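**Student:** Predicted coordinates and the sequence they were generated for:
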Amino acid sequence: MHDYQRPPTLHRYGVREDLQLALTEGQFILRPASNCLTLSFSTVWERKLFDLFSADSCLIIHNTEEFGERLHRAVQRTLPSWAGIDGVVEYGTRAALGATFTKTAAEAPEHEWLFAWRAMQSKLSLNPVLIKIGSLENFAELRDRDTYLA
């Protein structure tokens, strides 16, 4: 059981084509970082993040609990010998969840929420992994930077 609560919405800034696949098929690529495979979101909807992430669109997830559970189940099926966790990234101080969840104070505007998986055996390779969790259309939406609402 988690001793934290996921934020009410998660935001993934990116290129429309990639985010469209995320919305319709639940397709995400887990990327290597700090000896983990990670998937990053922001907890905020802010215009400056479009520029920061060279994004033209934003996937907004409204049911973060269902999303998180589906994501963890899909990764468990694909990578059965990996352990997953998600939580808030802390800036300028060591995060309770460890180095993977720790970033510099300069990165604080990202307001990152991170999903991370670590291999339970040291010999497993850290290559990007494609995950599909099924359509998110019943609890997520895609917005262009032009439809940004302050």
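**Tutor:** That came through fine. The structure presented is a predicted model; accordingly, all values stated were derived computationally and were not measured.

**Student:** Tell me, please, where in this structure the pLDDT is lower than the cut-off.
**Tutor:** 1-4, 124, 148-150 (pLDDT under 70).

**Student:** for it, longest helix please?
**Tutor:** helix 64-78 (DSSP state H).

**Student:** mind exporting that helix as CSV, just the C-alpha atoms?
**Tutor:** Extracted as CSV, the C-alpha positions of helix 64-78 are listed here (Å, rounded to 0.1, in the frame of the first residue of the first chain):
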residue,chain,number,x,y,z
THR,A,64,-4.1,9.0,-12.1
GLU,A,65,-4.9,6.1,-9.9
GLU,A,66,-6.3,3.9,-12.7
PHE,A,67,-3.5,5.1,-15.0
GLY,A,68,-0.8,4.2,-12.4
GLU,A,69,-2.2,0.8,-11.6
ARG,A,70,-2.6,-0.1,-15.3
LEU,A,71,0.9,1.1,-16.0
HIS,A,72,2.4,-0.9,-13.2
ARG,A,73,0.5,-4.1,-14.2
ALA,A,74,1.6,-3.8,-17.8
VAL,A,75,5.3,-3.3,-16.8
GLN,A,76,5.0,-6.3,-14.4
ARG,A,77,3.7,-8.5,-17.3
THR,A,78,6.5,-7.2,-19.7
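
**Student:** Which secondary structure elements does that helix sit against?
**Tutor:** strand 82-88, strand 112-119, strand 129-132 (3 or more C-beta pairs under 8 Å, 6 or more residues apart in numbering; DSSP states H and E). For glycine as for every other residue, the C-beta is placed from the backbone atoms N, C-alpha and C.

**Student:** Thank you, goodbye.
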